[in-house]
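# any chance you could fold what I've pasted below:
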Amino acid sequence: MKRTRRNHGATFKAQVALAAVKGDKAVAELAEHFHVHPTQITEWKQQLLTRAVDVFGGPKPPSEAPDLQTLHAKIGQLTLENDFLDGALTTAGLRSAKR
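Modelled structure (predicted):
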């Protein structure tokens, strides 16, 4: 009999991972108790351990937010190039003046 795929909430995952970190029971026992695969428990435990530093204000990964000044400059450059090419095509008669 095949099980249907289940999505577990963050609270449940944290509870299972903390139980695994605690080490009172074997992973196989936890898997049976929580009705999840032992590999999943090991993965959640590893995620908890690697991200625990974030809770206490550890170093944050570099921001993935783009630099707005650079993006605005690029937009300006592309707008200028488009206007130039539009004018060149119109002058060459390859594009009508009406748009």
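# which positions within the least confident helix or strand in the chain by mean pLDDT qualify as buried?
Ranking every helix and strand in the chain by mean pLDDT, DSSP states H and E puts helix 38-55 at the bottom, with a mean of 91. Neighbour-count burial for helix 38-55, counted by 16 or more other C-beta atoms under 10 Å, picks out Gln40, Ile41, Trp44, Lys45, Leu48. Where you see a C-beta, it was placed from the backbone N, CA and C, and this is true even at glycine.
# ditto for stretch 15-35
By neighbour count with 16+ other C-beta under 10 Å, stretch 15-35 contains the buried residues Val16, Ala17, Ala19, Ala20, Val27, Leu30, Ala31, Phe34.
# in helices only, show me the residues you listed.
Val16, Ala17, Ala19, Ala20, Val27, Leu30, Ala31, Phe34 (DSSP state H).
# farthest pair within the residues you listed?
Of all pairs drawn from those, the one with the longest distance (C-beta to C-beta) is Ala17 and Ala31, at 12.7 Å.
# got the angle for the least confident helix or strand of the chain vs helix 27-34?
With axes from the mean of the first three to the mean of the last three C-alpha atoms, to 10 degrees defining the directions, helix 38-55 sits at 90 degrees from helix 27-34.
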